[in-house]
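J.: Pasting a predicted model and its sequence here:
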Amino acid sequence: MKKQGFLLGLFSIGGQVLLLRELVSSLNGDELFIGTALFGWLIAVAVGAWFGGRSARPRNPVMLFIAGAILLPIMIIAARLSPLSATSITGEIIPFGRATIISILVMFPPALISGWLFPLITRHVAYPATDAIVTVYLFEGIGAFAGGVFMTLAAGSIMSTLSMGVLLSLFVVISLFISTDKRRSIPAGLGYIISVVIALSLIPHLDNYLEGVKYDSYTVRDSFDTPYGHEAILSRDSTLVLMTDNTIEAVFPDPEAAENQIIAPLIYNPTASKILFVGRAEFGAAQLADALRMRSISAVDPRTKLTSVIGDFMSPVTAYHIYNNDPVAFFKKRAALDNFDIIVINPGEPDSYKNSRLFMPEFLAGVKRSLSSEGIVCLPLPYDTDRYLSPEKQQVLAIIYNSLKESFSHIAVWPGTTTIFLASDKIDLDLPLETIMTRIDSLPVEAQYIAPEYLYDRLSPLKIERLMTALSGEAPSQTLTKPILSHYQALYRSMADSLDRRVISFVLGTSSWIIIVPALVLILFLSVQGRRGRSGQYGIFLYFTAGAASLSLELMSFYLYQTMAGSLYSEMALLIGSFMLGLAVGTYYAHRVGEAPLEYPALIIMLMAVLVFMVTWSKIGSDALLPFHMFFLFVVAIATGTLFVAATNICYGRDSRLNRGVGYAWELAGSALGALLVLTILLPAIGLTWLLISLAALITLALAGSTMTHKSLRLP
């Protein structure tokens, strides 16, 4: 039972991490689908646990393990090819509604098996119900700790997602084979090594084949995973295309994009000699800066592997240097000794928290510290403002404009098929059109797109006035505690899909979330309290509270760490490991305590952790962010493990005949609700502070319910 519990945790967290990686990279890198995919996974696990516990007789779980091991690589491939079910156009954004359905369906099959296994393992041995459930939960947590750390460290940096999925499946099957007969250890171990060698030699070919199917109108020059996502380098005719997470990030040659990125800011600071590019500058910007005789051309991007691969396809630029670092971490920790004359921020569309954090005032303040005395910031954005500006597009651009106004004294905006924001603290950006033309003529290269004959129309007073009028309208603010930009970007995209438009408009347009969610929780609480004549029924609410609170706090911690520190993916292993280790520790020690009313210390610890986190998270220095969030997640997980044991003692202590999957299912139902609501809906709708207050209220409600039920049932 212990070994199978460990394998269940390993398979569950490993499969979950790998499928999440593949889904996010296939669905245009949008982390909003982490919430919907986790919802699908957790609901499927809850359904599997429920029905697995209702089986008439316990079955050997080995066959289910094998079925899950077979399904996992299949579903990774399904996730990779899933965009083809929505569109055949390379790089086209998948509508939010369809992407949500894809994310749930891909997660469902292996998750259903994972949930079904939990009660089967607990019933496969003649343990008392409480001991069996807690023991499996404990070893599942240990397996999840090992799997989470290993998958996060290895997936993308060492092997591809598909390779990791195959190796995980092989490991589970071989481990089961060995556990049934120790004499099979040596041949099974040799068989595993041979299988790994064969798999690692064949899977890269399968990866490339899948990329060829996905991008059939291009030649796939290379494709690989990094810790930050999936990259593919494509070619057609003489054009090279960089695909990042199924989105076109850069094209070469693209002189129009390069001129918008480099020449536009150079017009306002013609003596500039040092330029920093946030993103990939190799696709034209670095070459143009070199031709303009810039003394220093630098870029900041964390994808070290991509840096080395691009060198095989692009001619080197003499003065070019790249900082392999996350942009947020780079500007936060950089000593402002040798600053830049021009900083170009090129994150693409703000369709994810990873991208939209680069438009927050907190990030722009760090950029400002890295500018020289007459430095200038350039944000070229893929929005066509040459003629018609829809209300949705106006809102997105106004949010960005307001963020810039909080950090810089002077702002200029260029309309066009690419909209350019220029910002500076020292330089007056209100240049006469004639001066702009003169400076363009004095450049050492002849501009093709930012040329006098085009700029007279592009920068006409009528177009400038119309754009500035649109930007000066009322727009909500983008802040760290209420990141709304990616959701307004989703609303802008939803113009192409009526269902998307209705759903996203409802999410952003209603203030009722602050009432709806607590009302649903209160209904569950009252329904459980109304049945308290049946011993242990209120333990269900404790299971639900443990799942909802712990996953919500985990997701909020991940969001804050990514936004404030930057490189979430490289530290994800430590954050996940801290949580899973705390879960195992809390479960182990709570089970050793025995029948004491453990829900009180568990809920009090969790409540105190939430309250302390709420007043301290913004006061932590950059060097202390990682240990702070690790310790916070460790404490929350200890409380969660203890609360699980408490709920198990209450539900199963007096009646071992109960469905052994029902409590686990309710915990996962709470987690599923948190996964769906926290990052996808509630964070941009009500903000971080109200989210934390709501969780504190949920925990307080659980404390009150425990007191009421103990008195009613005369429990110790």
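T.: Right, received. Where do you want to start?

J.: For the rest of this, base every contact and every neighbour count on C-alpha atoms.
T.: Will do.

J.: how distant is stretch 69-80 from the center of its chain?
T.: Relative to its chain's centre, stretch 69-80 lies at 20 Å (C-alpha atoms, centre = their mean, to the nearest Å).

J.: avg pLDDT for it?
T.: Stretch 69-80 shows a mean pLDDT of 93.

J.: shouldn't residue 251 be in contact with residue 240?
T.: Yes: applying C-alpha atoms under 8 Å as the test, residue 251 and residue 240 come out as touching, 5.8 Å apart.

J.: Relative to residue 643, how far out is residue 356?
T.: Going from residue 356 to residue 643 by C-alpha to C-alpha, to the nearest Å gives 36 Å.

J.: Measure how far stretch 331-340 is from the centre of its chain, please.
T.: 27 Å.

J.: Ignore what I typed, I meant stretch 301-318.
T.: Mean C-alpha position of stretch 301-318 versus that of the full chain (C-alpha atoms, centre = their mean) differs by 25 Å.

J.: Any buried residues in that stretch, and which?
T.: Across stretch 301-318, burial judged by 16 or more other C-alpha atoms under 10 Å covers 301-303, 305-307, 310.

J.: Identify the residue spatially nearest to residue 64, adjacent ones excluded.
T.: Closest residue to residue 64 apart from its sequence neighbours, by C-alpha to C-alpha, 6 or more residues apart in numbering: residue 113 at 6.6 Å.

J.: before we move on, the earlier item: more neighbours: which of residue 356 and residue 643?
T.: residue 643 (29 against 23; other C-alpha atoms under 10 Å).

J.: Where does the more buried one sit, in terms of helix or strand?
T.: helix 625-652 (DSSP states H and E).

J.: Residue 423: what secondary structure?
T.: strand (DSSP: H, G, I helix; E, B strand; the rest coil).

J.: Domain ranges for the protein, per the record?
T.: 1-126+158-214, 253-479, 510-716 (automatic domain parsing).

J.: of these, which approaches residue 149 most closely?
T.: Closest to residue 149 of the domains of the chain is domain 510-716 (C-alpha to C-alpha; 4.5 Å).

J.: Tell me where the stretch 451-600 of the chain has helices.
T.: Remark: helices assigned in the stretch 451-600 of the chain by DSSP state H, counting those that start in this stretch are 452-458, 461-471, 485-493, 498-509, 513-529, 539-565, 568-593, 599-616.

J.: any weak-confidence spans in the stretch 601-716 of the chain?
T.: The model of the stretch 601-716 of the chain has pLDDT under 70 over residues 652-660, 709-716.

J.: And for the stretch 1-150 of the chain?
T.: 1, 55-59, 123-129.

J.: what helices or strands is the longest strand along the chain leaning on?
T.: For the chain, the strand with the greatest residue count under DSSP state E is strand 371-381. Here strand 371-381 is seen to pack against helix 255-268, strand 340-345, strand 419-424 when contacts are counted using 3 or more C-alpha pairs under 8 Å, 6 or more residues apart in numbering; DSSP states H and E.

J.: now the ones you listed in JSON lines, with mean neighbour count and distance to residue 24?
T.: Shown next, in JSON lines, are the helices and strands packed on strand 371-381 (neighbours: other C-alpha atoms under 10 Å; distance: least, C-alpha to C-alpha, whole Å):
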{"stretch": "helix 255-268", "mean neighbour count": "21", "distance to residue 24": "27"}
{"stretch": "strand 340-345", "mean neighbour count": "25", "distance to residue 24": "23"}
{"stretch": "strand 419-424", "mean neighbour count": "23", "distance to residue 24": "27"}
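
J.: Can you tell me which of the ones you listed is nearest to residue 62?
T.: Nearest to residue 62, of the helices and strands packed on strand 371-381 and by C-alpha to C-alpha, is strand 340-345 at 52.3 Å.

J.: chain center to whatever helix or strand residue 674 lives in: distance?
T.: Using DSSP H and E, residue 674 falls within helix 662-677. Between the centre of helix 662-677 and the centre of its chain there are 19 Å (C-alpha atoms, centre = their mean).
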